[in-house]
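Novice: Sequence and predicted model, in that order:
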Amino acid sequence: MKSNSLFLIVILAASLLSCKKDKVDGSINKAYIGGEIINPNSDYIVIKKADIPLDTVRLNHQNRFSYTLTNFEPGIFGFFDGREFQNFLIESNDSLMLRLNTLDFDESLVYVGKGAKENNFLMEMYLLNEEEDEKILDLGQKTSKEFDSIYRASRDLKLKKLDRIKRKTETSNLFNEIAEASIYYEYYAHKELYPLANYKISELDAFKSLPGNFYAYRESIDYNNVTLKDYSPYISFLRFHFNNLALQKHFTHSNDSVYNKLDIHYNLDKLDLIDEKVSNEDIKNSLLRFVIGQFISVSKSPEDYDAMLKSFKEKSTNDSDKERVSQFVCSYKRLSPGNKIPEVKLLNTADKEVSLHGLIKKPTVVYFWSKGNKNHLISSHKRVKELNVKYPEFNFIAINIDVISYKQQSEIIAKYDVRLHNEYRFKAPRQAKETLFIEPIQKVFILNKKGEIVNAKANMFGIGFEQELLGLLNQ
C-alpha cells in the first residue's frame, strides 16, 4: 500500500510540474495518463483514438504504465488491455492516473489527478447505464407510459448528479457536452428498444400502441455530432435508432409484423436511412460498416450478400472499408455451408507440418485461440473438455493463430493448465487467418466427416451449439 501511495505522489508531482511548464509555453498541447493494472490480461496497454491504435505502452515489472499525449485534439480516447476496452476523456494539461483490477474491470476502475472528477463521473454513468440495460427486458413488459416514467426519472436523477459536479468543479464545455450525452442518449436508446423488448405483442403492434409523442426527441437528434462520434452512448443510440427506423419503414411495405434481423429488405432499408440522414463521413461509414458486418456475420443466406455489398459500396466513402467488406463477403461465400473447408498447413506439437484436411476423419469442431486473449483461451479449452466427454463422436481441433514457436505454445498451454490433445498452430498465420477469415477469434467451424462446412460461424457458448452437433450426428 505504501509503494502504491508513493507511486501516486511521484506521478502527480511530475504531472503538476509538466502543467506548470506548459503554462509557460502556451503552444504545447500536452496531457498525461498512467496507472496500475492489477491482474493484467497482457503485458501492454493500447491507447486508441476513434478505434485506431495510437501507441502500445508496455507495463513495467510492477504492472504500471505511463504515457504522454502531445499536440492532440481533446476528446474521447480509449485504452485496451488485451481483452477489455474502456473510454476516457482527456483534455489539455490533464494528468490522469487510473487503477483497476481486471477481475472486476469496470467496477474497479478509478481515477485520480487532474481530470479525475470528470472521468469518475463518466464511469459512474457508464455503470448505472449498464445496470439499466440489464433490466430493460423486464421493464419492456410495462405500458409505454410506465416504461417512459421509470427511465425519465432515472435520467433526471443523473442530471442532478451532473449539476452537483458542475457546481463544485469548473467543468469544461467539452465535458458538459459529453456528460449530458451519456445521460440523454442512454434514455433515448431505451425508448428505441422498447418495442423490441415488449415480447407480449408483435413489434408492429408495439409501434402502433405508442403515444404520438413517444419519439418526440427524434426531431432534435444531431446525426453528425463530431464531438461524440467516438463516444459509445451516442454511437450505440444511433445503431438502435436506425434499427427502429428501418423496422418501422419495413412494416410499411411488407406483410411482416414481427422483427427479423436477417431480412434482406429490412437491412437494405437500414443502409438507405443511414445514407439519407447522416452526412458526416466518419459517423456514416462507421454505421454502414457495422450494419453490413453484423448482417454477414450472422446471415446463412449467401445469396443476400451481393445485394448488401452493392448497397454498401454505393454509400460508403471509405475505400479501405469497401475493400475490406468485399473480402469479408468473398470469404463467407467461400465458407458457405456445403463447401469444403479450405486447406491450410498446420504445425503439430512435434513441430512437423500437417494438413488440416488430413486431420478430418469424422465430424469435427475447429476452434481458435490467441495468447492475447487469455479469457477466451481458458474458457474455450474448458468448454471443449466438457464437449469432448459428451460428444466422443467428434474430433475437436484447437489452432493457435499467433506467430509463436512450439516451445512458446506449450508454455502458454501449460501455464493455464488447459493442455488437451489436438493442439496445432498455423504454419503461415497471416495467410491462414485470411483464408479461414478468423474474425472474431470466438468463431468456430463445425464440419462433417468429409470436411464440408456445416456452420462457419458457430458459437460454442451459444444455447444452440449442442443442438447443431446432435443434428449433424443424426443426419
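Specialist: Structure received. Residues are numbered from 1 along each chain as shown.
Novice: CA atoms for contacts and neighbours, from now on please.
Specialist: Fine.
Novice: Domain parsing of the chain, as residue ranges.
Specialist: 2-114, 116-224, 345-473 (automatic domain parsing).
Novice: Columns distance to residue 310 on top of the ones you listed, output as JSON lines?
Specialist: JSON lines is the format used below for the domains of the chain (distance: least, Cα to Cα, whole Å):
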{"stretch": "domain 2-114", "distance to residue 310": "26"}
{"stretch": "domain 116-224", "distance to residue 310": "24"}
{"stretch": "domain 345-473", "distance to residue 310": "21"}
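Novice: and residue 305, which of these is closest to it?
Specialist: Smallest distance to residue 305 across those (Cα to Cα): 15.1 Å, for domain 345-473.
Novice: The closest one - what's its average pLDDT?
Specialist: Average pLDDT, domain 345-473: 91.
Novice: how far does the longest strand along the chain sit from the chain's center?
Specialist: In the chain, taking DSSP state E as the definition, the longest strand is strand 30-38. Centre-to-centre, strand 30-38 and its host chain are 23 Å apart (Cα atoms, centre = their mean, to the nearest Å).
Novice: Against which helices or strands is it packed?
Specialist: Strand 30-38 sits against strand 64-70, strand 95-101, with contacts defined as 3 or more Cα pairs under 8 Å, 6 or more residues apart in numbering; DSSP states H and E.
Novice: And the domains of the chain: which comes nearest residue 312?
Specialist: domain 116-224 (18.7 Å).
Novice: what about this structure, any weak spots by pLDDT?
Specialist: 1-28 (pLDDT under 70).
Novice: would JSON lines of the domains of the chain with mean neighbour count be doable?
Specialist: Converted to JSON lines, these look like this (neighbours: other Cα atoms under 10 Å):
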{"stretch": "domain 2-114", "mean neighbour count": "17"}
{"stretch": "domain 116-224", "mean neighbour count": "16"}
{"stretch": "domain 345-473", "mean neighbour count": "17"}
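Novice: wait, which of those domains is closest to residue 287?
Specialist: Using Cα to Cα, the nearest of those to residue 287 is domain 116-224, at 11.0 Å.
Novice: Pull up the distance across the closest one, start to finish.
Specialist: End-to-end distance for domain 116-224, by Cα to Cα, to the nearest Å: 28 Å.
Novice: List the contacts of the longest strand of the chain.
Specialist: Residues outside strand 30-38 that contact it (Cα atoms under 8 Å, 6 or more residues apart in numbering): 15, 22, 62-72, 90-102.
Novice: Tell me the strands beside that strand, with direction?
Specialist: strand 64-70 (antiparallel), strand 95-101 (parallel) (DSSP bridges).
Novice: Using CSV, write down the CA coordinates of the helix or strand following that strand.
Specialist: As assigned by DSSP states H and E, the chain's next helix or strand after strand 30-38 is strand 44-49. Output of strand 44-49 as CSV, limited to C-alpha atoms (Å, rounded to 0.1, in the frame of the first residue of the first chain):
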residue,chain,number,x,y,z
TYR,A,44,0.8,-3.9,-22.5
ILE,A,45,-1.9,-1.2,-22.9
VAL,A,46,-3.0,0.0,-26.3
ILE,A,47,-4.0,3.7,-26.4
LYS,A,48,-6.7,4.3,-29.0
LYS,A,49,-8.5,7.2,-30.7
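Novice: Strand 44-49 packs against which elements?
Specialist: strand 52-58, strand 75-80.
Novice: helices or strands next to the last one in the packing?
Specialist: Right, the one you point to is strand 75-80. strand 44-49, strand 85-90.
Novice: report the angle between the axes of that strand and strand 85-90?
Specialist: 150 degrees (axes from the mean of the first three to the mean of the last three Cα atoms, to 10 degrees).
Novice: chain center to strand 75-80: distance?
Specialist: 14 Å.
Novice: before we move on, what about the first one?
Specialist: A distance of 18 Å separates the centroid of the chain from that of strand 52-58, by Cα atoms, centre = their mean.
Novice: now the most centrally placed residue in the chain, which residues is it bridged with?
Specialist: Geometric centre of the chain, nearest residue: residue 85, 8.2 Å, by Cα atoms, centre = their mean. Beta bridges link residue 85 to residue 80 when assigned by DSSP bridges.
Novice: shouldn't residue 296 be in contact with residue 305?
Specialist: Yes. Counting by Cα atoms under 8 Å, residue 296 touches residue 305, with 6.8 Å between them.
Novice: list residues touching both of the two?
Specialist: residue 329.
Novice: Using a markdown table, lay out the strands paired with strand 30-38 together with distance to residue 113.
Specialist: Formatted as a markdown table, these follow (distance: least, Cα to Cα, whole Å):
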| stretch | distance to residue 113 |
| --- | --- |
| strand 64-70 | 13 |
| strand 95-101 | 5 |
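Novice: nearest to residue 395, of those strands?
Specialist: strand 95-101 (37.2 Å).
Novice: Count the neighbours of residue 325 for me.
Specialist: Residues near residue 325, counting by other Cα atoms under 10 Å, number 19.
Novice: Residue 246 versus that one, what's the distance?
Specialist: For residue 325, the distance to residue 246 - Cα to Cα - is 22 Å.
Novice: One more: residue 451?
Specialist: 39 Å.
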